[in-house]
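Chemist: Need a 3D model of the following:
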Amino acid sequence: MIPAIVVCIALIVYSLFGYPLLISILSRFKPAASPPHPPSLSSEPPLSIVLCVHNASCLIDARLKNLLSCDWNGPLEVIVYCDGCTDETTDRLQSWASKGVKIIKSLHLRGKASGLNAAIPTCTSPIVVLCDVRQTFAPDALENLVAPFADPQVGAVSGCLAITPSDSGSGQGVDLYWRLESKLREWEGRFDSVIGCTGSICAIRRDLFQHLPEDTLLDDVVIPMQIAYAGHRILYESSAMAFDPQTLDPKVEKKRKLRTLVGNFQMIERYPQWMMPFKCRLWWQLISHKYLRLLVPWLLMAVASLSIMAPKTQFIRLLLVSQSIAYCCAAIGLLLPRLRIRIVTVPAGFVLLQYSCLSAFFAYLKHRKNYLSLWQKPALSSST
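Modeler: Numbers count the residues shown, from 1 in each chain. Predicted coordinates:
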């Protein structure tokens, strides 16, 4: 049993610490051939912005004002896809039509992937910025986001999303996870390419966009992976900032994380070629960053179960004590959400994420025939 326990622990450690450490080393000592910070574009080209919304009447005016006020001297085109809006969103958009905002309407709620399929081919600019309605861009976000496209190898660029810190203890553990995730993307971009973009602020070359299945859950991963699979790089630009006023509330984050993790299972099913070493150069990064994490809760349960059944050697006793302490700290953090001590907030956030990961497998089996049912109306009210 001990060899099996050691293998499980090794996989957990690699997923949580080994891969981030390895990719950070590779990004420093073996970066991609092209420079990580290519020269800025000599002039600002035409730029298109695509925004998919559903029932966002209370947000749309402020969002469009923010986008149009960003620093950009070239031609700027904004396309808003109204996804089955039943509130006043469409009416509010009429006043923006005179300012160059284009509107595409769908009478029925079809999902964000359908909106991107409809809007992106109508863009007249070679570079398209994708964003959501709830966040706001920094004034220089567009300039910083588009600058890396001076390198012809770059097919997409992800920006950086800053999220308001959570008030709850377990939410602070999730905050830490998001900060680590952002750093991981930065390292991946330096080494070769980011595995997925930040959906609320990213840009792609329009001609590299491929039609998405309408029930795609992770468009912000599928789109850049398709571009990378075609031979282009996906960069991360930390200076292209978007700001999200919504805190990482554990309950909200759990629902969002569930959709994200189910989306990973969806990708495994639909794009197995991305995991093949001789077909996709990012296979190792994809498995390490996305797919191996799906195994972590199962590996944790395996370690706990095997530790209980194994002969009680000194190693097994130490392992049992360590697990007991860790799970007790997590329980305290979850039961006392206002307790802001890292010794409990970090384990609580970690357990919360693992629970979502475990639930995602069963949600994947349940919703395979109707993935869009994972989207709930409260989430759609802010962005599709």
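
Chemist: what pairs with the residue lying closest to Lys105 once chain neighbours are set aside across the strands?
Modeler: Take Lys105 and drop its neighbours on the chain: the residue closest to it by CB to CB, 6 or more residues apart in numbering is Cys82, 4.8 Å away. To be clear about C-beta, it is placed using only N, CA and C from the backbone, and glycine gets the same treatment. The partner list for Cys82 in beta bridges (DSSP bridges) reads Val53, Lys105.

Chemist: who touches Cys82 in this structure?
Modeler: Counting by CB atoms under 8 Å, 6 or more residues apart in numbering, Cys82 makes contact with Val53, His54, Thr89, Thr90, Leu93, Ile103, Ile104, Lys105, Ser106.

Chemist: For Asp219, see how far away the first one is.
Modeler: In this case it means Val53. Distance, Val53 to Asp219, by CB to CB, to the nearest Å: 15 Å.

Chemist: In this structure, where is pLDDT below threshold?
Modeler: Regions of the chain meeting the criterion pLDDT under 70 cover residues 33-43, 164-177, 246-254, 375-384.

Chemist: how's it carved up into domains?
Modeler: The chain breaks down by automatic domain parsing into domains covering 1-40+135-203+211-372, 47-125.

Chemist: and the longest one, how far apart are its ends?
Modeler: By CA to CA, to the nearest Å, the extent of domain 1-40+135-203+211-372 from end to end equals 42 Å.

Chemist: so how far is that domain off the chain centroid?
Modeler: Centroid separation for domain 1-40+135-203+211-372 versus its chain: 8 Å, with CA atoms, centre = their mean, to the nearest Å.

Chemist: on that earlier part again, of the contacts of Cys82, grab the buried ones for ChimeraX.
Modeler: A single ChimeraX command selects the buried members of the contacts of Cys82 (16 or more other CB atoms under 10 Å):
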select :53,54,89,90,93,106
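
Chemist: Can you tell me which of the contacts of Cys82 is closest to Val321?
Modeler: Using CB to CB, His54 comes nearest to Val321 of the contacts of Cys82, at 49.9 Å.

Chemist: Adding distance to Glu181, write the contacts of Cys82 out as CSV.
Modeler: Compiled in CSV, the contacts of Cys82 are given as follows (distance: CB to CB, whole Å):
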residue, distance to Glu181
Val53, 25
His54, 26
Thr89, 31
Thr90, 35
Leu93, 33
Ile103, 34
Ile104, 32
Lys105, 35
Ser106, 32
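
Chemist: which one of the contacts of Cys82 sits closest to Ile5?
Modeler: The closest of those, once distances to Ile5 are taken by CB to CB, is His54, at 47.4 Å.

Chemist: all helices of the protein, in order?
Modeler: With DSSP state H as the criterion, the chain has helices at 2-13, 19-29, 60-68, 89-97, 112-119, 141-146, 169-191, 219-229, 250-270, 283-286, 296-309, 314-335, 342-367, 377-380.

Chemist: Compare those and give me the one nearest Leu212.
Modeler: Using CB to CB, these put helix 112-119 closest to Leu212, at 4.2 Å.

Chemist: List of residues touching that closest one?
Modeler: 50, 52, 79, 81, 83, 104, 106, 130, 209, 211-216, 219, 223, 383-384.

Chemist: tell me the angle that helix makes with helix 219-229.
Modeler: 60 degrees (axes from the mean of the first three to the mean of the last three CA atoms, to 10 degrees).

Chemist: Please put the alpha-carbon coordinates of helix 112-119 into PDB.
Modeler: C-alpha atoms of helix 112-119 as PDB (Å, rounded to 0.1, in the frame of the first residue of the first chain):
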ATOM      1  CA  LYS A 112     -22.100  32.900 -25.000                       C
ATOM      2  CA  ALA A 113     -20.500  30.500 -27.500                       C
ATOM      3  CA  SER A 114     -23.400  31.200 -30.000                       C
ATOM      4  CA  GLY A 115     -22.900  34.900 -29.400                       C
ATOM      5  CA  LEU A 116     -19.200  34.700 -30.300                       C
ATOM      6  CA  ASN A 117     -20.000  32.600 -33.300                       C
ATOM      7  CA  ALA A 118     -22.400  35.300 -34.500                       C
ATOM      8  CA  ALA A 119     -20.400  38.400 -33.600                       C
END
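
Chemist: ok, the closest residue to Ile195 other than its chain neighbours - contacts?
Modeler: In space, and not counting its chain neighbours, Ile195 is closest to His289: 4.5 Å by CB to CB, 6+ apart. By CB under 8 Å, 6+ apart, the contact list for His289 reads Tyr19, Leu184, Glu188, Ile195, Gly196.

Chemist: mind redoing it with 10 Å?
Modeler: 15, 19-20, 23, 181, 184-185, 188, 194-196, 221, 282 (CB atoms under 10 Å, 6 or more residues apart in numbering).

Chemist: Now, of these, which are buried?
Modeler: Ser15, Tyr19, Pro20, Ile23, Leu184, Arg185, Glu188, Val194, Ile195, Gly196, Val221, Leu282.
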